[in-house]
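**Q** With the input below, show me the fold.
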Amino acid sequence: MDNDLLNDPIDDSVATDESGQPGSELSKANARADENYNKFLLAMADFENYKRRVQRDIEQRIVEHRRRLFGRLLPVLDNLERALTVPVGGEALRTGVESTLRGFEAVLTSEGISAVDVKGHPFDPHVAEAIGTVAATDGQADETVVEVAEKGYRLGEDLLRPAKVLVAKHQ
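**A** All right, here's what the predicted structure looks like:
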């Protein structure tokens with residue numbers, strides 16, 4: 001070790017401000033830093049509360065939406081149950097089922113859900129899934145959807161489910 005450093009006198013003078021009061025500038029800076037830190041902590045707490053409130057609002061909206069949706073579907077369920085009480089066959093059963101189907105389609109439409117129209121159109125793998133092929137008839141274009149086994153649906157522009165289709169193929 002360097003002996004000169006050990007023998008240096010200690011400078012015990014304190015910085016003074018213009019008024020001659022020691023450390024008042026430092027204490028003011030510390031007070032401002034404490035105040036800013038407390039403001040930061042309050043802002044962080046406010047932000048966390050905001051995030052919780054937004055999450056709670058989102059969850060409430062989802063619950064409300066589901067309640068409205070399923071409330072509109074319950075009459076469809078009631079109609080299907082009534083259809084089961086009708087003696088087998090007959091025009092009354094068919095009429096009841098058709099009415100129920102229209103009611104269900106109306107609920108889907110009100111929610112922005114629409115069927116994908118693919119029959120007679122060229123096969124598009126973005127909206128349909130080919131489950132088989134059939135021999136194309138004369139005048140029928142190759143790769144044309146000839147039968148829909150299961151409808152596809154969109155929610156707005158988003159595909160909920162692709163249609164399951166049979167596609168014409170020239171042999």
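**Q** burial of Thr144, as a residue count?
**A** Number of residues near Thr144 (other CB atoms under 10 Å) recorded here: 18. Just so you know, the C-beta spots here come from the backbone N, C-alpha and C atoms, and that holds for glycine as well.
**Q** do Arg161 as well
**A** 14.
**Q** That one reaches Gly152, doesn't it?
**A** Yes: assessed by CB atoms under 8 Å, Arg161 is found in contact with Gly152 at 5.4 Å.
**Q** got the contact list for Thr133?
**A** By CB atoms under 8 Å, 6 or more residues apart in numbering, the contact set of Thr133 is 166-169.
**Q** In which helix or strand does Pro87 reside?
**A** For Pro87, there is no helix or strand it lies in under DSSP states H and E.
**Q** wait, I meant Ala115
**A** Going by DSSP H and E, Ala115 is part of strand 113-116.
**Q** immediately after the helix or strand harbouring Glu129, which helix or strand?
**A** Glu129 belongs to strand 128-135 when assigned by DSSP H and E. Per DSSP H and E, the first helix or strand lying C-terminal to strand 128-135 is strand 145-150.
**Q** and that next one, which residues are buried?
**A** By 16 or more other CB atoms under 10 Å, the buried positions in strand 145-150 come out as 145-146, 148.
**Q** Nearest spatial neighbour of Asn79, chain-adjacent residues omitted?
**A** Thr100 (4.0 Å; CB to CB, 6 or more residues apart in numbering).
**Q** Confirm that the one you found sits in a strand.
**A** No: under the criterion used here (DSSP: H, G, I helix; E, B strand; the rest coil), Thr100 is helix, not part of a strand.
**Q** for stretch 158-171, what is the average pLDDT?
**A** The average of the pLDDT scores along stretch 158-171 is 91.
**Q** what do you get for stretch 80-88?
**A** The pLDDT scores in stretch 80-88 average 73.
**Q** For Gln140, give me phi and psi.
**A** phi -100, psi 130 (degrees, to the nearest 10).
**Q** Can you tell me how far it is from Pro122?
**A** Relative to Pro122, Gln140 is positioned 11 Å away (criterion: CB to CB, to the nearest Å).
**Q** can I get the CA coordinates of stretch 161-171 in CSV?
**A** Only the C-alpha atoms of stretch 161-171 are listed here, as CSV (Å, rounded to 0.1, in the frame of the first residue of the first chain):
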residue,chain,number,x,y,z
ARG,A,161,-65.3,-23.7,-39.8
PRO,A,162,-64.5,-24.7,-43.3
ALA,A,163,-67.2,-26.4,-45.4
LYS,A,164,-66.8,-30.1,-46.0
VAL,A,165,-67.4,-30.8,-49.6
LEU,A,166,-67.3,-33.2,-52.5
VAL,A,167,-65.3,-31.9,-55.6
ALA,A,168,-65.8,-32.8,-59.2
LYS,A,169,-62.9,-34.5,-61.0
HIS,A,170,-62.7,-35.5,-64.6
GLN,A,171,-61.7,-39.2,-64.9
